[in-house]
Structures are given as structure tokens and as C-alpha cells.
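Peer 1: compute the structure for the input listed below.
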Amino acid sequence: MTRIFTLLVFLVSLELAGQIKQPLPSRQQLAWHDMEFYFFMHFGPNTFTDKEWGHGDEPEEIFNPSRLDCRQWVKVAKEAGAKGIIITAKHHDGFCLWPSKYSKHTVRESKWKEGKGDVLKELSQACKEQGLKFGVYISPWDRNHPDYGTEKYNDVFVNMMKELFTNYGPIWELWWDGANGEGPNGKKQVYDWRRFENTVRQLSPTTVIFSDIGPDIRWVGNESGIAGKTNWNYLDTAGYKRGLGAPANDTLQQGNILGKNWIPAECDVSIRPGWFWHANEDTLVKSPECLFDLYLKSVGRGANLLLNVPPDNRGLIHENDVEALIGFKKIKDENFKNNLLKQAKPELLVHDFSSGAGEVTDDSVGTFRTLKKLNRKTTGHGMLFFTFTKKTRLNCISIQEAIQNGQCIKGFEITFWNGGTVVDEIKGSTIGNKRIITFPVKEVTGVSILINDANCLPAISEMAAYLIDEKLIEQ
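Peer 2: Presented below is the predicted three-dimensional model:
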């Protein structure tokens with residue numbers, strides 16, 4: 001049973017119809033949530049000039065990777081467990097990684113492949129061959145284009161996006177930032193965001209669009225890769241703009257509990273100190289353990305992780321980055337391979353009766369258990385209880401909410417048991433697509449979760465418990 005089918009069943013249920021008063025994710029957003037982890041790739045003239053933000057006056061011939069291999073990028077991404085790649089097709093310097101008809105600052109004017117190269121063509125083909133999603137970052141700021149700062153530039157930007165979707169699709173995610181500085185004429189651009197959005201919707205209705213305020217995916221409010229411990233998929237956007245007019249960073253990090261739009265958070269962070277490759281950062285690549293910690297603080301808090309892995313001046317992912325990424329995948333696989341709850345008896349306890357709850361350990365987000373209120377006088381809902389046949393050691397719990405029904409849970413309590421005795425309790429707020437909680441090792445005979453506060457009828461799709469390497473847990 002897929003998430004979409006489950007959503008249809010939920011909508012027609014008379015019992016639950018009254019609960020649907022909040023935004024729900026679209027089909028494309030549900031698919032986006034399932035991606036969890038994918039690559040960002042900053043690549044362009046800055047790779048060769050040792051800059052982070054180019055000025056747009058860099059000579060085109062500076063872009064000349066000696067061994068560019070997009071298949072290597074895709075191979076590394078797959079081996080790291082990433083499900084897609086978003087490439088900086090045009091950064092603020094205005095240089096296009098494809099031979100755009102609407103710019104004279106492109107790969108066509110470079111020395112690479114004697115001007116006949118096309119990075120987007122090679123990467124989109126490599127992604128299709130290996131089953132990865134292909135996404136594009138295109139900066140609206142252009143420090144090179146002579147029309148920037150005039151109404152004519154909005155036509156240029158729209159035409160560039162038309163090239164992207166016509167020649168390199170399908171494009172799964174389109175990434176906009178709100179950068180808006182001066183162009184070569186000293187003027188800033190008044191972006192026609194409504195027109196830009198409408199263009200994308202017409203060309204590719206299934207593409208999810210990222211920016212500070214969506215419309216589909218929002219920035220998490222920092223570039224550290226960390227979501228809020230409270231993280232709502234809801235966001236109010238009325239009165240806000242992209243860039244300097246965006247909501248406060250702490251609002252972006254946590255979302256709005258009663259927000260009017262389903263706009264979940266994406267956590268962007270680089271594997272290196274900078275976003276573009278710099279030779280002096282080859283020894284400063286984040287360790288596998290650090291990447292795992294970022295996973296816990298992004299995906300493990302209901303967001304997605306967009307990890308920047310910049311190609312070097314050869315056009316390859318550097319060996320040090322590859323080693324860290326493969327190490328991260330190994331840590332993740334080894335520590336999450338054994339769901340201890342599969343060895344336990346799962347029950348749903350409501351009032352004075354119980355029933356089986358195998359749906360929450362069946363490895364399917366399309367099946368779930370709803371947790372009705374314990375009684376009319378309390379905000380608490382039914383309890384999921386897992387009983388082990390023997391004492392079991394664990395230090396990690398993963399919970400997934402059935403977000404196809406909306407994000408309902410705003411308070412939960414995990415209790416650890418030895419027989420009928422409570423060993424310890426952990427309280428949390430939101431769950432969302434996935435919540436991973438780590439803690440010092442506990443030896444227990446049972447684990448329960450109680451939803452003690454919710455905006456609507458809560459439903460759990462999956463739960464897991466693990467005994468992970470204690471060195472990976474932040475004390």
C-alpha cells in the first residue's frame with residue numbers, strides 16, 4: 001500500500017474527515033520526504049579561482065576541468081546512500097554550466113572541450129543511467145549579464161529556466177536562493193518571482209521548488225545542516241519575501257505550529273568549510289562520524305539533508321571526500337541494520353483493551369496505526385507498547401509519523417520499562433517524517449510511546465530501536 005493510496009483512504013473516512021483541517025503534503029512533497037539525503041554540488045569558475053563568490057568578471061577560459069567525470073560523481077553519491085544531486089547550474093557570477101543562448105558567459109566560451117562541453121547534459125544523463133534524481137540550482141543574481149538590473153533580465157532568467165527544463169529534464173528539485181546584489185551596471189534586479197514560479201509550474205508541475213519560503217521546500221535558517229528539535233512542516237508565508245524579506249531564522253528552523261502551508265525544511269551544509277572546492281581544505285573534510293551526527297540532527301529531526309560535495313579542479317570528487325562519504329554510509333548501515341523492536345511484541349493500548357500493532361514495524365510508511373484519545377477529558381492518546389522476551393540493551397529510538405495525514409503530534413513521551421517498573425522517560429515535541437532520539441544505553445524489558453498532545457488524530461507509521469556505537473552518541 002503506498003502513501004498516496006493510504007491518503008485517499010484517510011480522506012474518505014467519515015470518522016476522520018473532521019480532523020482534516022490542516023495543510024497536507026502534495027504527492028511530490030511526499031516523494032521528496034522519502035529522499036532524505038542527497039548531494040549539493042558547487043562547481044564553476046570559483047573552483048578554479050579559489051573564490052566562494054565570483055565577481056562575474058572571471059575569464060571564461062578559467063573553467064577547464066582536466067578529467068571531468070559526472071559518472072564518478074553519481075557513483076560516489078550512490079555509494080554514499082544519496083538519492084539525488086543538485087548542481088549549481090549558474091551561481092552568482094553568472095557563469096552557465098550549459099551553453100545557454102541567453103548568455104555569453106558559459107561553457108561554450110571556455111577552453112573545456114573546445115567549447116563543446118555541457119556539464120548539465122553529462123550529469124543529467126549520468127543520473128538517469130544510475131537511477132538518481134537530478135536537480136538544479138540557478139541563482140537569480142547575475143554579476144556578469146549586461147541586462148541584470150533591468151526588466152529585460154527577467155525575460156533572460158525565464159528563458160534560461162526554459163532551457164533547463166526543456167533540455168535536461170526531468171528536474172526533480174529547483175533550488176533558488178534570495179541573493180540580490182548589484183550587476184555589472186551597478187543596479188539590483190527586481191525579481192518577478194510570481195512569473196518565475198508560474199514558468200516552472202507550467203514547464204514541470206512535478207518539480208519541487210526550494211527557497212526561503214518555498215513554495216514547496218524551505219530553508220532551515222542556517223547552513224550548519226541542523227534542524228530544530230521542534231520542527232513543523234508548516235509555514236506561514238503571507239507578508240514575507242525571498243532573501244532579506246524572509247521569516248526569521250529561528251522561525252525557518254522550527255516552522256509554524258499552525259502554519260497555513262506545507263513547506264518542510266531542507267538542511268544544507270558542506271562537507272568542507274567552503275561551498276566550492278579549495279585545495280587548502282582537502283584536509284578539512286568532515287569525518288564520517290561528523291556526517292552521521294549531521295544526519296541525526298537533520299533527517300533525525302524530520303528534515304532532509306542536502307550535503308554539499310564540491311568537485312575539484314579536475315572535475316572529480318576528491319579522494320578525501322569519497323573516503324568520508326563511504327565511511328558515513330558504513331556507519332549508518334551498520335548501526336541501523338537491526339531493528340530491535342522486530343524482536344518485541346507490539347501492542348496498541350487504548351482505555352482497557354489492546355490490539356496488535358504490527359503495522360509500525362513492517363518497514364512500510366504506507367501502513368500506520370492511529371492513536372485515539374484515551375478519554376474525552378485528556379489530551380493524551382493511545383500508547384504503543386513493545387514487550388521484549390528478555391532484557392534488551394538499546395540507546396536509540398526512531399519514530400515516523402504518517403505525514404500523509406498531516407503533521408499532528410506536538411508532544412510525545414517515551415517510557416522505558418523493567419517489568420512493571422519505569423526505568424526512565426524521555427519527552428519530545430514534534431515527530432514529522434522521522435524523529436531519531438539517542439540516549440545513554442538502557443537495559444529494558446519494554447518500551448512505550450504515548451502521544452500526550454496533538455493538533456489532530458495522530459498516526460505512527462514506523463518505529464525502530466537500535467543499539468548503536470556509544471561513541472556516536474552526543475553525551
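Peer 1: CA atoms for contacts and neighbours, from now on please.
Peer 2: Noted.
Peer 1: residue nearest the centroid of this structure?
Peer 2: residue 304 (2.1 Å; Cα atoms, centre = their mean).
Peer 1: wait, that one sits on residue 35?
Peer 2: Yes: with contacts counted by Cα atoms under 8 Å, residue 304 reaches residue 35, the gap being 7.4 Å.
Peer 1: hang on, the earlier thing: now do the contacts for the residue nearest to the centre of the chain.
Peer 2: 33, 35, 36, 37, 265, 266, 267, 298 (Cα atoms under 8 Å, 6 or more residues apart in numbering).
Peer 1: can you show me the strands along the stretch 101-250 of the chain?
Peer 2: 133-138, 173-175, 208-211, 217-219, 234-235 (DSSP state E, counting those that start in this stretch).
Peer 1: pretty sure residue 428 contacts residue 411?
Peer 2: Yes: between residue 428 and residue 411 there is a contact under Cα under 8 Å: 5.8 Å.
Peer 1: list the buried residues of stretch 440-457.
Peer 2: Across stretch 440-457, burial judged by 16 or more other Cα atoms under 10 Å covers 441-442, 444-457.
Peer 1: pull the most distant pair out of those residues.
Peer 2: Between any two of these, the greatest separation by Cα to Cα is 33.0 Å, found for 441 and 456.
Peer 1: tell me the pLDDT of the residue lying closest to residue 340 once chain neighbours are set aside.
Peer 2: Closest residue to residue 340 apart from its sequence neighbours, by Cα to Cα, 6 or more residues apart in numbering: residue 465 at 5.2 Å. For residue 465, the model assigns a pLDDT of 98.
Peer 1: does residue 465 count as helix, strand or coil?
Peer 2: Here residue 465 is recorded as strand under DSSP: H, G, I helix; E, B strand; the rest coil.
Peer 1: that one pairs with what?
Peer 2: Beta-bridge partners for residue 465, by DSSP bridges, are residue 397.
Peer 1: measure how buried it is and give me the count.
Peer 2: When counting by other Cα atoms under 10 Å, one arrives at 22 neighbours for residue 465.
Peer 1: pretty sure it contacts residue 396?
Peer 2: Yes: between residue 465 and residue 396 there is a contact under Cα under 8 Å: 5.6 Å.
Peer 1: hang on, residue 434 packs against residue 401?
Peer 2: Yes: the criterion here is Cα under 8 Å, and residue 434 meets it with residue 401 at 6.7 Å.
Peer 1: break down the stretch 351-475 of the chain into its strands, ranges please.
Peer 2: Counting by DSSP E, counting those that start in this stretch, the strands of the stretch 351-475 of the chain are 353-356, 369-370, 383-401, 409-418, 421-428, 435-454, 459-466.
Peer 1: pull the longest one out as CSV, backbone CA atoms only.
Peer 2: Listed in CSV are the C-alpha atoms of strand 435-454, where the atom choice follows Å, rounded to 0.1, in the frame of the first residue of the first chain:
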residue,chain,number,x,y,z
ARG,A,435,12.5,11.6,14.6
ILE,A,436,15.6,9.8,15.9
ILE,A,437,16.4,10.1,19.6
THR,A,438,19.7,8.9,21.1
PHE,A,439,20.5,8.4,24.8
PRO,A,440,22.8,6.5,27.1
VAL,A,441,22.4,2.7,26.9
LYS,A,442,19.4,1.3,28.8
GLU,A,443,18.7,-2.3,29.6
VAL,A,444,14.9,-2.8,29.5
THR,A,445,12.1,-5.4,29.0
GLY,A,446,9.7,-2.9,27.4
VAL,A,447,9.4,0.4,25.6
SER,A,448,6.3,2.5,25.2
ILE,A,449,5.4,5.7,23.4
LEU,A,450,2.5,7.9,24.5
ILE,A,451,1.3,10.8,22.4
ASN,A,452,0.4,13.3,25.0
ASP,A,453,-0.5,16.3,22.8
ALA,A,454,-1.7,16.6,19.2
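Peer 1: that strand: how far from the chain's middle?
Peer 2: Offset of strand 435-454 from its chain centre (Cα atoms, centre = their mean, to the nearest Å): 25 Å.
Peer 1: packing partners of that strand?
Peer 2: Secondary-structure packing of strand 435-454 (3 or more Cα pairs under 8 Å, 6 or more residues apart in numbering; DSSP states H and E): strand 383-401, strand 409-418.
Peer 1: residues making contact with the last one?
Peer 2: Residues outside strand 409-418 that contact it (Cα under 8 Å, 6+ apart) are 391, 401, 422-432, 444-456, 458.
Peer 1: mean confidence for that strand?
Peer 2: 96.
Peer 1: parallel or antiparallel, list what pairs with it.
Peer 2: strand 421-428 (antiparallel), strand 435-454 (antiparallel).
Peer 1: okay, the angle between it and strand 383-401?
Peer 2: With axes from the mean of the first three to the mean of the last three Cα atoms, to 10 degrees as the basis, strand 409-418 and strand 383-401 are set at 130 degrees to each other.
Peer 1: low pLDDT regions in the chain?
Peer 2: Filtered on pLDDT under 70, the chain yields the residue ranges 1-20, 350-354, 356, 373-380, 475.
Peer 1: how does it divide up, domain by domain?
Peer 2: As given by automatic domain parsing, the domain ranges for the chain are 22-335, 340-472.
Peer 1: thinking again about what came up before, nearest to residue 190 among the buried residues of stretch 440-457?
Peer 2: The closest of those, once distances to residue 190 are taken by Cα to Cα, is residue 455, at 39.5 Å.
Peer 1: I figured the closest one hits residue 429, correct?
Peer 2: No: Residue 455 is beyond contact range of residue 429, at 11.8 Å (criterion: Cα under 8 Å).
Peer 1: neighbours around residue 366, how many?
Peer 2: So residue 366, with other Cα under 10 Å, has 19 neighbours.
Peer 1: and the gap between it and residue 391?
Peer 2: For residue 366, the distance to residue 391 (Cα to Cα, to the nearest Å) stands at 31 Å.
Peer 1: and for residue 208?
Peer 2: For residue 208 relative to residue 391 (Cα to Cα), the value is 46 Å.
Peer 1: more neighbours, the two?
Peer 2: Legend: neighbour count by other Cα under 10 Å for residue 208 and residue 391, higher for residue 208 (23 against 15).
Peer 1: which residues does that one contact?
Peer 2: 28, 29, 32, 172, 173, 174, 216, 217.
Peer 1: one more time with 10 Å, if that's ok
Peer 2: Applying Cα atoms under 10 Å, 6 or more residues apart in numbering, one finds that residue 208 lies in contact with 26, 28-29, 31-32, 135, 171-175, 200-201, 214-217.
Peer 1: ok, of those, which come out buried?
Peer 2: Counted by 16+ other Cα under 10 Å, the contacts of residue 208 give 29, 32, 135, 171-175, 200, 214-217 as buried.
Peer 1: for those, give me CSV that also has distance to residue 246.
Peer 2: As requested, those are exported to CSV (distance: Cα to Cα, whole Å):
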residue, distance to residue 246
29, 21
32, 22
135, 23
171, 25
172, 24
173, 20
174, 18
175, 16
200, 21
214, 10
215, 13
216, 15
217, 14
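Peer 1: and of the helices and strands packed on strand 435-454, who's closest to residue 341?
Peer 2: Closest among the helices and strands packed on strand 435-454, using Cα to Cα: strand 383-401, at 6.9 Å.
Peer 1: so what secondary structure elements neighbour the closest one?
Peer 2: When contacts are defined as 3 or more Cα pairs under 10 Å, 6 or more residues apart in numbering; DSSP states H and E, strand 383-401 packs onto strand 344-350, strand 353-356, strand 369-370, strand 409-418, strand 435-454, strand 459-466.
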